[in-house]
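S.K.: All I have is the shape, not the residue letters:
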């Protein structure tokens, strides 16, 4: 085990896990939660998280078509419903922050589909997976280590 793979203190891991768990539970839709974390992980090039969450998504019944077309969700209008599309748009805006902020129209679009509590949990989930992606990519954790 290299210094990179030992980098994460167990207390930090527990805190990140707790945030992820609370956010997913509060969102109340495990399949949507997995679409969100997979999309963020795609954007962040986190192979470990992709491997793990693709497995979990299938367990929650996310269709192969959705998983196959997730990188092109904007063009796949007949594959993702408006609620999923709003969550994915918010995921991309929070993950990439190319404009330095989340545009009002993206936030308002999500707010139409999620009440305040669920929107807060959606944001918490996006923040949590971005943290996990950065930790795992920084540590160069290879895919294949996840077991349900």
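M.R.: Here it is on my side, so go on. Please read all numbers here as calculations on a predicted model, not as lab measurements.
S.K.: Please make it C-alpha for all contacts and neighbour counts, starting now.
M.R.: Noted.
S.K.: Check the protein and tell me which residue is nearest its centre.
M.R.: Nearest residue to the geometric centre of the chain (C-alpha atoms, centre = their mean): residue 37, 1.6 Å.
S.K.: so it is in which element?
M.R.: Assigned by DSSP states H and E, residue 37 belongs to helix 30-43.
S.K.: Would you mind listing the buried residues in the helix or strand that comes right after that helix?
M.R.: Per DSSP H and E, the first helix or strand lying C-terminal to helix 30-43 is helix 47-59. Using 16 or more other C-alpha atoms under 10 Å as the test for burial, helix 47-59 gives 47-57.
S.K.: what's the neighbour count on residue 17?
M.R.: Residues lying near residue 17 (other C-alpha atoms under 10 Å) number 15.
S.K.: again with the one 3 residues further on
M.R.: The local packing of residue 20 (other C-alpha under 10 Å) involves 23 other residues.
S.K.: Give me the residues contacting the strand or helix carrying it.
M.R.: Per DSSP H and E, residue 20 falls inside helix 10-27. Applying C-alpha atoms under 8 Å, 6 or more residues apart in numbering, the contact partners of helix 10-27 are 30, 33, 117-119, 121-122, 124-125, 128-129, 131-132.
S.K.: Repeat that for stretch 31-42.
M.R.: Stretch 31-42 is contacted from outside by 24, 27, 47, 49-50, 53-54, 56-57, 60-62, 67, 70-71, 84, 87-88, 91-92, 95, 122, 125-126, 129-130, 133, using C-alpha under 8 Å, 6+ apart.
S.K.: which one's the longest helix in the chain?
M.R.: Determined from DSSP state H, the single longest helix within the chain is helix 116-139.
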